[in-house]
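Engineer: got a predicted structure here, sequence first:
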Amino acid sequence: MHRTAQRRIILPFLMPALLLLAAFFLYPLLRTVELSLHEFRRTGAAEFVGLKQYERLLDDPNYVNAIKNTFLMAFVGGCMLFPPATAIAWALSQCIRGERFFRFMVFAPVVLSVAVVSLMWKFLYHPTLGLINPALESVGLGALARTWLGDPQTALPAVAFTSVWHGIGLWVVLLCAGFEKLPASVLEAGRIDGAGEWRLFRSIMLPMMRDLFRVLVVLWVVQSLQVFAFVYIMTRGGPFGSTDVVATLMYREALERADFGYAAAMGLVMVVLMLGVAQLINKVMKRDELQY
Amino acid sequence: MSSSTEIAVPADAVTGSRHVITPARRGSGRRSRRPLRPYQLFFYLFLGAIALSTTSAFAWVFNVSMKTNEEFISSQPWELAERWRWENYINAWESAHIGAYFGNSLLVSIASTVLGVILSAFAAYPLARIPFRFSGMVLSVFLLGLMVPWMVTFAPLYLTMQDLGLLDTRLGLVLVYATYNLPFNVFVLVGFMKTLPFELEEAAAIDGAGPTRAFISVILPLLGPGLASVAIISFLQNWNEFFYALLLIHSPEKMTLPLGLFQLGQAADYATNWVTLFAGMMITVVPVLLVFALLQGQITKGLTAGALKG
């Protein structure tokens, strides 16, 4: 009786949410495949062209360049992210005074809009008006001053650094959780055996958190292969295409040239690549379960 | 044996102090406060440097927002502004339309957050508490939204919005934001509802309440904390969202703050109205940081859980 009455509300309760999801998520998702098999004329009419868009991708130097930059961005960003994030998480897990304050400072950028952070760093990097070059000069490191975003050599690391600065708080919190979960008894045993803090960190904590690192690296790669706003706001893919990533290229193809079919094909190929790389990283970093 | 790398204190002094402390910490657990030990100095210096660099970035933005354009070009970046120039903020708010963007952002974020939270509360209820045949499948359709990258859907989404006549409208943006909040909200709320005892509905049914009534007067009030954290995270994400705003909104009078600031930044490259842009940045950043300062724990937890999607 009560159960049958309950059954009657299932559909009305689910419907509104499912409708929204169907209209703005599931339908576009299915339509992507269809779009990628079409070519859009200037008039807006679409023509079925089979796999032609995918063939176009193969010898499009812009796409190859964008793929290269996207993976480079993920790699460079990862190198900039994990060592400091691990160090900060280690420091925060040391029961220090003012922990709340430090956590606030590290996490604060995460709650800011990507747009604001990108704009702010665009100006911080500015060769004459910014903060970085004058600061370098004033401490006698003027030789290191660059036109950070204007130089094809430094533009990509500079953008990657900004995205790391923005997001590092999240990774610190996740790593902190990892440090807190380490079994106290094992650390204690290490201390009794006379290991210093650095030795404990290197020989016990890091190996024990290997699984966590694997998950976080996969997450980072999946997330940073989708980078868009930082690049779009700070460099627009320039100088000379040195920061052009797949997302910005897709956006240009779709909205500036109205070539939706080509953009959809790019997106699908990128997602397949992304899944492949995630699987690969998972496999390479996988190790037998630790038992303790 | 080596202690932390950058400590000038001899290693045996460090170990010595540790031996004294070890027995005491055994009972008190790892997280209790202890007297400062020398190697911890390294951690303080490290964290202090990071905090200092973050603060100085914000301080720099604030300082520039108090300068004039001429001052900004001619003075050293860390030179303090000559005086408080709050008129920059008034300029930004009025003539640079930051006020209008702020209003749009407020409208869009509140509307989409409320819509997303209400719809997901309703959708999560049957998924969590009424066993039916396709419930697992429906839930995984929702969770699919957490996993599919935006790159595959944005081009068709644009065309769909065009077909529906929702392109360049605030309503369209609200619907899209609400939709993209749904998967995370449903995920969290289903988990939350499953922790409530199942006798609640039975008791309500015995007292003569229909299932809708049972949900609204018994379950919903118990969801307070869950709804609050979902709402805070959704609001923050919608407030900060940039990409879909860029994709869907084209007319300046409908832009949200992140998009409006981006436009202002583009303009500042050519015109020379930097200080207004910096004032606009402060106007965007300060409310968010204040909210974060108040709700630090909840926001940290929620955003971290949100990051695990994908």
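Structural biologist: Cool, got the structure.
Engineer: once you drop chain neighbours, what's closest to the spatially most central residue of chain B?
Structural biologist: Most central in chain B under CA atoms, centre = their mean is B:Leu236, positioned 3.8 Å from the mean C-alpha point. Counting by CB to CB, 6 or more residues apart in numbering or on different chains, B:Leu236 lies nearest to A:Val111, which is 6.2 Å off, once chain neighbours are set aside. From N, CA and C alone the C-beta is placed, and that goes for glycine too.
Engineer: quick revisit: using the three-state scheme, assign the residue nearest to the centre of chain B.
Structural biologist: Following DSSP: H, G, I helix; E, B strand; the rest coil, B:Leu236 is assigned to helix.
Engineer: so for the lengthiest helix in chain B, mean pLDDT?
Structural biologist: Secondary structure assigned by DSSP state H gives helix B:98-129 as the longest helix of chain B. Averaged across helix B:98-129, the pLDDT comes to 93.
Engineer: what is that helix packed up against?
Structural biologist: In terms of contacts (3 or more CB pairs under 8 Å, 6 or more residues apart in numbering or on different chains; DSSP states H and E), helix B:98-129 is packed against helix A:2-21, helix B:87-94, helix B:135-147, helix B:170-194, helix B:224-240, helix B:257-270, helix B:274-294.
Engineer: packing partners of the longest one?
Structural biologist: Counting by 3+ CB pairs under 8 Å, 6+ apart, the packing neighbours recorded for helix B:170-194 are helix A:2-21, helix B:98-129, helix B:135-147, helix B:154-164, helix B:224-240, helix B:243-248, helix B:296-307.
Engineer: now do the contacts for the residue nearest to the centre of chain B.
Structural biologist: Residues touching B:Leu236, when contacts are defined by CB atoms under 8 Å, 6 or more residues apart in numbering or on different chains, comprise A:111, B:288, B:291, B:299, B:303.
Engineer: only the buried subset of the residues you listed, as a PyMOL command please.
Structural biologist: Those of the contacts of B:Leu236 that count as buried under 16 or more other CB atoms under 10 Å in any protein chain shown are selected in PyMOL with:
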select buried, (chain A and resi 111) or (chain B and resi 288+291+299+303)
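Engineer: so which of the contacts of B:Leu236 is the closest to A:Val172?
Structural biologist: B:Leu303 (12.0 Å; CB to CB).
Engineer: now do the buried residues in the helix or strand where A:Thr32 lies.
Structural biologist: When secondary structure is defined by DSSP states H and E, A:Thr32 falls within helix A:27-36. Neighbour counts using 16+ other CB under 10 Å place A:28-29, A:31-32, A:35-36 of helix A:27-36 among the buried residues.
Engineer: in CSV: those, plus distance to B:Gly99.
Structural biologist: Formatted as CSV, the entries for those read as follows, by distance: CB to CB, whole Å:
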residue, distance to B:Gly99
A:Pro28, 34
A:Leu29, 37
A:Arg31, 38
A:Thr32, 38
A:Leu35, 39
A:Ser36, 42
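Engineer: of these, list those near chain B.
Structural biologist: Judged by CB under 8 Å from any CB of the partner chain, the overlap between the buried residues of helix A:27-36 and the neighbourhood of chain B comprises A:28-29, A:31-32, A:35.
Engineer: run through chain A and note the low-pLDDT ranges.
Structural biologist: A:1, A:42-44, A:288-292 (pLDDT under 70).
Engineer: can you check which helix is longest in it?
Structural biologist: For chain A, assigning by DSSP H, the longest helix comes out as helix A:61-92.
Engineer: and the following helix or strand past that helix, what's buried?
Structural biologist: From helix A:61-92 onward toward the C-terminus, using DSSP H and E, the following helix or strand is helix A:99-107. Taking 16+ other CB under 10 Å as the neighbour-count basis, helix A:99-107 is seen to contain the buried residues A:99, A:102-107.
Engineer: nearest to A:Gly194, of the residues you listed?
Structural biologist: Comparing every one of the buried residues of helix A:99-107 with A:Gly194 (CB to CB), the shortest separation belongs to A:Glu99, at 27.7 Å.
Engineer: residues in contact with the closest residue to the closest one other than its chain neighbours?
Structural biologist: The spatially closest residue to A:Glu99, leaving aside those adjacent along the chain, is A:Leu92, at 6.1 Å (CB to CB, 6+ apart). Contact criterion CB under 8 Å, 6+ apart gives A:99, A:102-103, A:106, A:172, A:176, B:47 as the residues in contact with A:Leu92.
Engineer: let's have these in CSV, adding distance to A:Arg7.
Structural biologist: As requested, these are exported to CSV (distance: CB to CB, whole Å):
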residue, distance to A:Arg7
A:Glu99, 50
A:Phe102, 52
A:Arg103, 47
A:Val106, 49
A:Val172, 46
A:Cys176, 45
B:Leu47, 56
